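sequence plus predicted model, see below.
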Amino acid sequence: MKHAAMAVAFACLTAFSTQTLQQLISQSDALFDKFDNRGAREVLLTANENFPREGEVLWRLARVEMHIADNSPDKTDEEKKAQLSKYKTAYQYADSAVICDPKSSMAYTFRAAVDGKIALFKGVFSVAPIVKQVKEDCERAISLDPNNSIAYYILGRTNARLAEKPVMFRWPLGLAWGNRKDAIKFYLKAISLDPNFIMFRLDLAHAYIDNSDYKEAREQLQAIADLPLRDDRDSLRKTEAADLLQKIKDKD
């Protein structure tokens, strides 16, 4: 049995080694689209071993590590510590992607995405330099690809988070630029580029509610019901959207 298992493992390793970089990337993307983050990671780790310093592999590793961290338990101090460690691993992959491929829009996008997660974890207003880097990376990503919907979304989310505190509090931190108007503008741009992403519309609905624009919020929440599941947390987001719609159904 032991020899048989070793033979199967060797056969799998040989199969991986004979695949091209693009085949491995396509395989990982297919697994990611099925919400199999760990399976996608295994394929990408193989790709990274056989094709080192490839930006297309590295930013995808950052993406799956970030999703794995997002779905990790976070109730106890030990669990939170482990989750933060996963985010830091994701950041290392994203940072390496930027270094290896400085013209990759997605590399900057996922460095911004992971930085944003770390900032939220530590407290946005305690890590101002990270927040500023998120903004710079998103702007760089958009300059490289004006149709990068995720970068616009992250800019929207960053502005929305900053707008939770008065400008007077943020000014000494160099974060006075964040505002709800720009948050809505960037969310709308992201949706214009990718109208079927639930996360974009749900966060826009929250921004509208914060701005007391209930009619616009309802339009976004109603649209979510018919959208496909494209992210491993979209089922939860659909439930949240339905609950939120019920709460604001009679508000003007």
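Noted; the coordinates are in hand.

any regions of the stretch 51-200 of the chain where pLDDT drops low?
Residues of the stretch 51-200 of the chain meeting the criterion pLDDT under 70: none.

mind giving me the packing neighbours of the helix or strand hosting Ile99?
Taking DSSP states H and E as the criterion, Ile99 maps to helix 77-100. With contacts taken as 3 or more Cβ pairs under 8 Å, 6 or more residues apart in numbering; DSSP states H and E, helix 77-100 sits against helix 55-70, helix 105-122. Bear in mind the C-beta positions are built from the backbone N, C-alpha and C, glycine included.

need the next SSE after the last one, C-terminal direction.
Just to be clear, that refers to helix 105-122. Moving toward the C-terminus from helix 105-122, the next helix or strand (DSSP H and E) is helix 128-144.

what's the angle between the following helix or strand past that following helix and helix 105-122?
As assigned by DSSP H and E, the chain's next helix or strand after helix 128-144 is helix 149-162. Helix 149-162 runs at 20 degrees relative to helix 105-122, counting by axes from the mean of the first three to the mean of the last three Cα atoms, to 10 degrees.

between helix 149-162 and helix 55-70, how many degrees?
40 degrees.

and the helices and strands packed on helix 77-100 as a markdown table, adding mean neighbour count?
Formatted as a markdown table, these follow (neighbours: other Cβ atoms under 10 Å):
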| stretch | mean neighbour count |
| --- | --- |
| helix 55-70 | 24 |
| helix 105-122 | 24 |
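
which stretch among these comes nearest Arg233?
helix 55-70 (7.0 Å; Cβ to Cβ).

packing partners for that closest one?
helix 21-33, helix 37-50, helix 77-100, helix 105-122.

mind putting these into TSV with distance to Gly178?
What follows is the helices and strands packed on helix 55-70, written out as TSV (distance: least, Cβ to Cβ, whole Å):
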stretch	distance to Gly178
helix 21-33	31
helix 37-50	30
helix 77-100	22
helix 105-122	12
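
please identify the deepest-packed of those.
helix 105-122 (a mean of 24; mean count of other Cβ atoms under 10 Å).

quick one: distance of that one to the chain centre.
For helix 105-122, the separation from the chain centroid amounts to 7 Å (computed by Cα atoms, centre = their mean, to the nearest Å).

sorry, back to before: and the helices and strands packed on helix 77-100: which comes nearest Ala207?
Taking those one by one with Cβ to Cβ, helix 105-122 is closest: 15.8 Å.

quick one: contacts of the closest one?
If you take Cβ atoms under 8 Å, 6 or more residues apart in numbering as the criterion, helix 105-122 is touched by 55, 58-59, 62-63, 66, 69-70, 80, 83-84, 87-88, 90-91, 94-95, 97-98, 100-101, 127, 130-131, 133-134, 137-138, 140-142, 144-145, 148, 150-151, 154, 157-158, 161.

now the angle from that helix to helix 77-100?
Using the same axes, to 10 degrees: helix 105-122 against helix 77-100 is 150 degrees.

what sits against Asp234?
Shown in contact with Asp234 (Cβ under 8 Å, 6+ apart): 198-199, 227.

let's go with 10 Å and repeat that
With contacts defined as Cβ atoms under 10 Å, 6 or more residues apart in numbering, Asp234 is in contact with 35, 197-199, 202, 224, 227-228, 241.

distance to Ala113, secondary structure and neighbour count added to these, as JSON lines?
As requested, the contacts of Asp234 are arranged in JSON lines below (distance: Cβ to Cβ, whole Å; DSSP: H, G, I helix; E, B strand; the rest coil; neighbours: other Cβ atoms under 10 Å):
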{"residue": "Phe35", "distance to Ala113": "17", "secondary structure": "coil", "neighbour count": "17"}
{"residue": "Phe197", "distance to Ala113": "14", "secondary structure": "coil", "neighbour count": "22"}
{"residue": "Ile198", "distance to Ala113": "16", "secondary structure": "helix", "neighbour count": "23"}
{"residue": "Met199", "distance to Ala113": "11", "secondary structure": "helix", "neighbour count": "19"}
{"residue": "Leu202", "distance to Ala113": "16", "secondary structure": "helix", "neighbour count": "21"}
{"residue": "Ile224", "distance to Ala113": "21", "secondary structure": "helix", "neighbour count": "23"}
{"residue": "Leu227", "distance to Ala113": "21", "secondary structure": "coil", "neighbour count": "18"}
{"residue": "Pro228", "distance to Ala113": "21", "secondary structure": "coil", "neighbour count": "8"}
{"residue": "Ala241", "distance to Ala113": "22", "secondary structure": "helix", "neighbour count": "23"}
